[in-house]
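Asker: I'd like to go over a predicted model; first the sequence, then the structure.
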2 protein chains.
Amino acid sequence: MSTALLLRGLSSKRIVSKFIPQELFSRSRVFLSTSSVPITTISDLLKLKPSEPVSDVQVNGFVRSARSLKNREFFSIVDGSSVVPLQAVIPTDKAVGLTVGAAVRLRGSWVPSPAHGQSHELSVDEAIVLGPSDASTFPIQNKYQTPGYLRTLPHLRPRLPFNAALMRFRSELISSLTQFFNNCEFIQTHTPILTSSDCEGAGEVFQVSSAHAQSNSTSEEGKHFFRRPVYATVSAQLHLEALAQALGNVWTLSPTFRAERSDTQRHLSEFYMLEAEMSFTDDIETVMDLLEGMLRHVGASMAHSNVVQDLMIRTPDRELDLATAEEVKQRWSGLTQGPWPRITYTEAIGLLKSSEIPFTHEPKWGEDLHTEHEKYIATKVSENHSPVFVTHYPRQIKPFYMKADSHDPITPVPGQTVASFDLLVPEFCEIAGGSLREHRLDRLKHSMWLRGINSKAAPLGDDQQPFESENNLDWYVDLRRWGCPPHGGFGLGFDRLICYLSGVQTVHDSSAFPRWYGRCHC
Amino acid sequence: MSTALLLRGLSSKRIVSKFIPQELFSRSRVFLSTSSVPITTISDLLKLKPSEPVSDVQVNGFVRSARSLKNREFFSIVDGSSVVPLQAVIPTDKAVGLTVGAAVRLRGSWVPSPAHGQSHELSVDEAIVLGPSDASTFPIQNKYQTPGYLRTLPHLRPRLPFNAALMRFRSELISSLTQFFNNCEFIQTHTPILTSSDCEGAGEVFQVSSAHAQSNSTSEEGKHFFRRPVYATVSAQLHLEALAQALGNVWTLSPTFRAERSDTQRHLSEFYMLEAEMSFTDDIETVMDLLEGMLRHVGASMAHSNVVQDLMIRTPDRELDLATAEEVKQRWSGLTQGPWPRITYTEAIGLLKSSEIPFTHEPKWGEDLHTEHEKYIATKVSENHSPVFVTHYPRQIKPFYMKADSHDPITPVPGQTVASFDLLVPEFCEIAGGSLREHRLDRLKHSMWLRGINSKAAPLGDDQQPFESENNLDWYVDLRRWGCPPHGGFGLGFDRLICYLSGVQTVHDSSAFPRWYGRCHC
């Protein structure tokens, strides 16, 4: 195999390199030497539809499928940039080693295609195999393979063009969100993964310990790498509140963890949460405005992008496992068209009670909304497929840190609701939730006391802090002792959002290396 | 306390909200109602130097210090946006509750200051305490406090203006890097935190398990939440290689973990790594070009930013714990001025041997460079304070996945070096490293065999995969079976980069919530 790959003009001297302008670092995978604008991907090449052949075209990619016709071989070539493959036509004698799965470099001419199925094709003069493939054992086929089977091959699954598109979508979504928060002057933070605090005071958590623990230690402290039990975080919120109290408005897109032994389409053991916290804010409507503005920005900036169009292409195979293109289109337009209704939990209960649907769980004020209830509300209240806010939930079903409503004219039990919301989307139900946080010391302590959460104060500034056996939230309480302004924020399930906006039915397929109960491949 | 906070014109109806344009979500913390351009932070306000008083100014912030003079009180107010505080002057009778640490809203006029120390000050008409502070117990003081003491207060430490600036720097650095990789069409990926593979085959790792383990299970598999032991990742590289093989060029900025029982200024148990992987590349110079181009982009886009200027402000206190402003300035100019030298490991050993420095560890070909060696090289070879690449290390001291050099004219033992590099910076030594990866199946297996790494193939596509007791790298080997093009990449210690470019001496202070051996506060 030739080791001299032709990369676009990058020539570095051994000892001293000159600065290479960043344009040269564009993906050097496809280019037209005759074009002044270099073509960098198969996606870009497919957009080029010249009436005359263009010579000197070079493509790097992978063989997705192959078939013979007379003395010529026809290959579908993919490179992750497009769900539509490139057709390459190669004389049989030059197609040695081009087996399904192989990584190849092809050189030739980009010509109008005489056959149906594509407007142009690559007429190949030279084919170089850069990474051979034992096609007889390659587990990825160019035919329908069940999502369940593909989940056993996370290291190969992105080789499927649709799965590659999902990864590109995730990347562009991150970029769009980063831009939104930059525009709004929110500070992006790295909140910790390992924590000695237990955010929700509930839920299953993962414990993290040194693989070579000092198990012979006699003290409880000595047994732990960090001198106390440490967990994988379930939410960045508490730490984000500390940062908001110093920096103003902050956000993070961070991995979070739940050790739930459930295997549903909506849950992962490791998942990304987008969390934002606003400082000097005491209106829950403002927090909802932020979340709504963020998703409207995503809608406006991405709905017509190439990658979203790619995600809407349906083949008979893909139809089996995905929402229809029509549904996905409605979800996107629902983000930007018309208003997003906001109703209170109390109003939602009223709607549920007056409906004629025979719910499995009877709707009852003071109890959580079940998925069947959320589905009904999201469908009934939504306007033009918009998301729906449900606000002011009963205090008793929400965490200790949420701020109680001082008054709410339509709540039957005044003071018994919290300034909170859930964001429901049609079909997928809850994807985000937020609240004002109780910023007053006495109220927060009372709320913790009501729930039996221990909050005795530890001496501050003491390096040898006594070992804390419980949830270790004293630092969180401390935030209220010294200048805690009113504040609030939200958390959004990033993998769920990707499912909703791509039509993928389960978070097991929106993440590259999904982890859930019993499953941590690779 | 008034609960009706004046936020800039956000008025949402209860049931149905109109879309609020994103400009309105800018940090609504300071504004001038008389100005057509709203002022949003203390940082912005300080830049405004009118000769006549400007009335109707509103500021949200925290009291950093207070002093009395006759019937007036003088406050330093900070909001995280600037290391320089705002001076507020308030008649004593209106300054009730404005204790050190309190979160306040001040309204008044922005006027030229009659005193030294600031050009303008806020003459306050109305002061509202939004979050009171018990100043007598507030651990953050407006005087020198040791970094060690402040590390015991991670939840309060960002209230210090310099620490807030560090957080803003991290945010802007992320943004600059996101922009760089967007420009270069690299795809941002979320690599997993939990993994059943052991990247380096060495080093201490954290084990992750359900806090409520099924310890009564009789089978080894049943004891584990994921049916196998799972670790917190030490590097995203292996997973990134799988993604690069499908998507082309990829990158990630992800948390990584080491359970080392060391307490040095350069190590954390949890730290962020920026890792990038280039596909269809078989020249290590190209990978170095990428890293160099990335850091030159950071230098060009950020050196003159407000936040970097803020980081160079030195008070007598800050001088105790930080590199000098002059040093930090040199580091920034070193990024963009002149070439970055590239020398081989073999040349480096030659330089070390010919030097007259009495090293503690004798430099010897085939052994790792010690910090004292790296310091000498970084200083001796650097041009105008530039970083220095050291390339082509001996195979025996590098991990199994690095690609062996086929030939290297100045290496004494041909074939015994790998296509690798470390990036050294003056004073701080190694901050990044990279290599080509062995993409050929037989060579990779041989390299693993040489190091005693088990790589027996497991049946693929089998949901009930047999329990793997060892490093579980079969999937990584598999990547080479089906179309693995030449590829390479690098990893950069993000927290170290922040130290280097801010003048902070230890990674314990560049991260908001640092974790190391024995330490996981909050």
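Answerer: Alright, I've got the coordinates. Numbering: from 1, shown residues only, chains lettered A, B, ... in the order given.
Asker: mind listing the helices for chain A?
Answerer: For chain A, the helices defined by DSSP state H occupy A:42-47, A:147-150, A:161-183, A:237-247, A:284-302, A:306-311, A:316-319, A:325-336, A:345-354, A:371-381, A:441-450, A:474-478, A:494-502, A:507-510.
Asker: Quick check: which of those is buried the most?
Answerer: helix A:237-247 (a mean of 27; mean count of other Cβ atoms under 10 Å in any protein chain shown). Where C-beta positions appear, they are placed from N, C-alpha and C, glycine not excepted.
Asker: pLDDT of stretch A:328-344, averaged?
Answerer: Averaging pLDDT along stretch A:328-344 yields 94.
Asker: re earlier: can I get the helices of chain A in CSV including distance to residue B:310?
Answerer: As requested, the helices of chain A are exported to CSV (distance: least, Cβ to Cβ, whole Å):
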stretch, distance to residue B:310
helix A:42-47, 41
helix A:147-150, 49
helix A:161-183, 18
helix A:237-247, 13
helix A:284-302, 26
helix A:306-311, 37
helix A:316-319, 51
helix A:325-336, 37
helix A:345-354, 45
helix A:371-381, 46
helix A:441-450, 32
helix A:474-478, 27
helix A:494-502, 31
helix A:507-510, 39
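Asker: quick one: residue A:302 and residue A:173 touch, right?
Answerer: Yes: here residue A:302 reaches residue A:173: they are 7.0 Å apart, a contact under Cβ atoms under 8 Å.
Asker: circling back to that earlier point, in TSV: the helices of chain A, plus distance to chain B.
Answerer: Converted to TSV, those look like this (distance: least, Cβ to the nearest Cβ, whole Å):
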stretch	distance to chain B
helix A:42-47	10
helix A:147-150	6
helix A:161-183	4
helix A:237-247	4
helix A:284-302	4
helix A:306-311	10
helix A:316-319	17
helix A:325-336	8
helix A:345-354	8
helix A:371-381	10
helix A:441-450	9
helix A:474-478	4
helix A:494-502	8
helix A:507-510	10
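Asker: in the stretch 1-150 of chain A, which ranges drop under the pLDDT threshold?
Answerer: Low-confidence segments of the stretch 1-150 of chain A (pLDDT under 70): A:1-40.
Asker: contacting residues around the residue nearest to residue A:394 when sequence neighbours are not counted?
Answerer: Nearest residue to residue A:394 in three dimensions, chain neighbours excluded: residue A:366, at 5.0 Å (Cβ to Cβ, 6 or more residues apart in numbering or on different chains). By Cβ atoms under 8 Å, 6 or more residues apart in numbering or on different chains, the residues touching residue A:366 are A:394, A:396, A:397.
Asker: Residue A:162 now?
Answerer: Residue A:162 neighbours (Cβ under 8 Å, 6+ apart): A:83, A:311, A:318.
Asker: Any idea what the residue nearest to residue A:101 when sequence neighbours are not counted is bridged to?
Answerer: Sequence neighbours aside, residue A:133 is the residue nearest to residue A:101 in space, at 3.3 Å (criterion: Cβ to Cβ, 6+ apart). Under DSSP bridges, the beta-bridge partners of residue A:133 are residue B:482.
Asker: quick one: residue A:133 from residue A:512, how far?
Answerer: 21 Å (Cβ to Cβ, to the nearest Å).
Asker: Relative to residue A:62, how far out is the closest residue to residue A:158 other than its chain neighbours?
Answerer: Nearest residue to residue A:158, sequence neighbours excluded (Cβ to Cβ, 6+ apart): residue B:246, at 3.6 Å. To residue A:62, residue B:246 is 8 Å away according to Cβ to Cβ.
Asker: so what's in contact with the two at the same time?
Answerer: Shared contacts of residue B:246 and residue A:62, counting by Cβ under 8 Å, 6+ apart, come down to residue A:159.
Asker: ok, now which ones touch the residue lying closest to residue A:163 once chain neighbours are set aside?
Answerer: Nearest residue to residue A:163, sequence neighbours excluded (Cβ to Cβ, 6+ apart): residue A:157, at 5.1 Å. By Cβ under 8 Å, 6+ apart, the contact list for residue A:157 reads A:140, A:150, A:151, A:163, A:512.
Asker: Not counting residues beside it along the chain, what's closest to the second one?
Answerer: Using Cβ to Cβ, 6+ apart and skipping the chain neighbours, the partner closest in space to residue A:150 is residue A:157 (5.0 Å).
Asker: Retrieve the pLDDT associated with the one you found.
Answerer: According to the model, residue A:157 carries a pLDDT of 96.
Asker: Please apply the same query to residue A:453.
Answerer: So, for residue A:453, pLDDT stands at 82.
Asker: and if you look at the one 3 residues further on?
Answerer: pLDDT, residue A:456: 54.
Asker: swap in residue A:449?
Answerer: 86.
Asker: now residue A:427
Answerer: For residue A:427, the predicted pLDDT is 85.
Asker: Can you report how many residues neighbour it?
Answerer: A total of 17 residues lie near residue A:427 under the criterion other Cβ atoms under 10 Å in any protein chain shown.
Asker: Please list all residues in contact with it.
Answerer: Residue A:427 neighbours (Cβ under 8 Å, 6+ apart): A:323, A:327, A:375, A:378, A:500.
Asker: quick one on the thing from earlier: tell me the one of the contacts of residue A:157 nearest residue B:286?
Answerer: Closest approach to residue B:286 among the contacts of residue A:157 (Cβ to Cβ): residue A:512, at 24.8 Å.
Asker: Now do the contacts for the closest one.
Answerer: A:154, A:157, A:158, A:167, B:189, B:190, B:191, B:192, B:239, B:243.
Asker: The same query, at a cut-off of 7 Å, please.
Answerer: A:154, A:158, A:167, B:189, B:190, B:243 (Cβ atoms under 7 Å, 6 or more residues apart in numbering or on different chains).
Asker: Which of the contacts of residue A:366 has the largest number of neighbours?
Answerer: Neighbour-wise, the contacts of residue A:366 (other Cβ under 10 Å) top out at residue A:394, 19 neighbours.
Asker: Specify the beta-bridge partners of that one.
Answerer: residue A:417.
Asker: And residue A:516, by the same measure?
Answerer: residue A:519.
Asker: Now render the contacts of residue A:162 as TSV, adding distance to residue B:112.
Answerer: Output for the contacts of residue A:162, formatted as TSV (distance: Cβ to Cβ, whole Å):
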residue	distance to residue B:112
A:83	63
A:311	58
A:318	67
